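Asks: Mind looking at a prediction? Sequence and model below.
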Amino acid sequence: MSYLKQLNEKYPVRITKKQKDEFLTYAISLAEKKNVKAQIEQNGKHKNLVIGNPNTANVVFTAHYDTPNASLLPNLMLPKNKGLFYAYQFLIIGLLLVVSLVPAIVVGLYVLQSELAYAGIFLVLYFGLFFLGFKFFKNKNNANDNTSGIATVFSILEKLDSKQLDNVAFILFDNEEKGLLGSKAYQKAHREEMKDKLLINLDCVANGDNILFIAKPKAEENEQYNLIKRAFASGNDKFNVEFYSTKECVANSDHKKFEQGVCVVACKKSKKGVLYAPYIHTAKDVVADDKNIEFISGRFADCFKKSA
């Protein structure tokens, strides 16, 4: 059984403390089978799982293990279209404002004729709709976001032998969906150790045959990153692999907190050539392809086998 299938069957939702603890127990057991040290690091209110030794590793692979609430509108990921991405965010805010303002004006100003009532109705409606639309319902389907990233981490761990594993470490971050809080807390606690460390963050990597690497400027200067680029650049029949800088692409994930962070994301391509990751934060997030995970983990494993 694939890691993707195991996770989707046994740990599909990871929001509550109980759900997270059950998943972490499973993750630690996988590390123990490889004789790799795994420990939960409590960074503030966040439980980050560290596998291996990030201090001595050349590369740290990461993925967030928490899952999101369900949204009435998808969290549209458009890595190469910054303008469209931000326009979409403002559109959502605009819709909430209009839907909240109209009844607040009608009832507060014209019926009750009170500015205080208008303000109160507006605030209740705006935050109430925001909560119902984005925070109230628990999403039961999280195949791509980010079960796919976790499954890829486990697959890389499985493919490497003990000698190769000396050069890498893995961190599963908590509370990415609440604003990158787990990775922010970890970076704060390990600022000096992680300053010159290449960090490869896997987020939503299994729905789409366009694999994007989005690297911060200092990561692009790292020789290990250039080795990884060469490993992925060789031909294949199914996947199109592209490399970009964070200066030209947008990706809101845990790599942002680290100086040498790189985000890996899979995208589909529209008929007009727009790259996008579909169904994020919605009940339709049921599509994740093991072929993506096998390709990505296999190429990373090949890279470290050649450099071992």
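Replies: Yep, it's here. Numbers count the residues shown, from 1 in each chain.
Asks: what's the next secondary structure element after the helix or strand encompassing Leu96?
Replies: Leu96 belongs to helix 82-103 when assigned by DSSP states H and E. Sequence-wise, the next helix or strand downstream of helix 82-103 (DSSP H and E) is helix 115-134.
Asks: Now the element after that following helix, going C-ward?
Replies: Helix 115-134 is succeeded, C-terminally, by helix 148-159 (DSSP H and E).
Asks: So what does Gln224 have for phi and psi?
Replies: Gln224 adopts backbone torsions of phi -60, psi -40, taken as degrees, to the nearest 10.
Asks: My guess is it contacts Val59. True?
Replies: Yes: with contact defined as Cβ atoms under 8 Å, Gln224 reaches Val59; the gap is 5.7 Å. For every residue, glycine as well, the C-beta is placed using N, CA and C.
Asks: between those two, what contacts are shared?
Replies: Leu198 (Cβ atoms under 8 Å, 6 or more residues apart in numbering).
Asks: more neighbours, the two?
Replies: Val59 (25 against 18; other Cβ atoms under 10 Å).
Asks: Can you get me a residue count around Lys197?
Replies: The burial count for Lys197: 21, using other Cβ under 10 Å.
Asks: quick one, what contacts it?
Replies: Contacts of Lys197 by Cβ under 8 Å, 6+ apart are 54, 57, 59-60, 258, 260.
Asks: Could you do Ala185 as well?
Replies: Per Cβ under 8 Å, 6+ apart, neighbours of Ala185: 43-46, 48.
Asks: Okay, and which of these map to helices?
Replies: Counting by DSSP state H, the contacts of Ala185 place none of their members in helices.
Asks: Now the residues you listed in a markdown table, please, with extra columns for neighbour count, pLDDT and distance to Glu192.
Replies: As requested, these are exported to a markdown table (neighbours: other Cβ atoms under 10 Å; pLDDT from 0 to 100; distance: Cβ to Cβ, whole Å):
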| residue | neighbour count | pLDDT | distance to Glu192 |
| --- | --- | --- | --- |
| Asn43 | 21 | 90 | 15 |
| Gly44 | 15 | 90 | 18 |
| Lys45 | 11 | 93 | 23 |
| His46 | 19 | 96 | 20 |
| Asn48 | 25 | 98 | 17 |
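Asks: wait, which of those residues is closest to Leu101?
Replies: Lys45 (35.0 Å; Cβ to Cβ).
Asks: Now do the strand ranked longest in the chain against helix 148-159: the angle between them, please.
Replies: If you go by DSSP state E, the chain has its longest strand at strand 261-269. Strand 261-269 runs at 120 degrees relative to helix 148-159, counting by axes from the mean of the first three to the mean of the last three Cα atoms, to 10 degrees.
Asks: for the following helix or strand past strand 261-269, what is the average pLDDT?
Replies: Where DSSP H and E defines the elements, the next helix or strand beyond strand 261-269 is strand 275-276. Mean per-residue pLDDT for strand 275-276: 93.
Asks: do stretch 50-69 as well
Replies: 96.
Asks: Stretch 107-120 now?
Replies: Rounded mean pLDDT across stretch 107-120 is 83.
Asks: could I get that stretch in CSV with only the CA atoms?
Replies: Only the C-alpha atoms of stretch 107-120 are listed here, as CSV (Å, rounded to 0.1, in the frame of the first residue of the first chain):
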residue,chain,number,x,y,z
VAL,A,107,-31.2,47.9,8.3
GLY,A,108,-28.7,50.0,10.3
LEU,A,109,-29.0,53.4,8.6
TYR,A,110,-32.4,53.4,6.9
VAL,A,111,-34.5,51.2,9.2
LEU,A,112,-32.9,51.6,12.6
GLN,A,113,-31.4,55.0,11.6
SER,A,114,-28.4,54.4,13.8
GLU,A,115,-24.7,54.5,12.9
LEU,A,116,-23.9,52.3,15.8
ALA,A,117,-26.4,49.7,14.6
TYR,A,118,-24.9,49.9,11.1
ALA,A,119,-21.4,49.3,12.4
GLY,A,120,-22.5,46.4,14.6
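Asks: what comes into contact with that stretch?
Replies: Everything outside stretch 107-120 that qualifies as a contact, by Cβ under 8 Å, 6+ apart, is 104-105, 121-122.
Asks: Residue nearest the middle of this protein, spatially speaking?
Replies: Asp203 (3.5 Å; Cα atoms, centre = their mean).
Asks: Distance check, the nearest residue to it once chain neighbours are set aside against Leu180.
Replies: Closest residue to Asp203 apart from its sequence neighbours, by Cβ to Cβ, 6 or more residues apart in numbering: Ser253 at 4.3 Å. The spacing between Ser253 and Leu180, counted by Cβ to Cβ, to the nearest Å, is 7 Å.
Asks: if you count what's nearby, which of those two comes out ahead?
Replies: Per other Cβ under 10 Å, whichever of Ser253 and Leu180 has more neighbours is Ser253, with 26 against 19.
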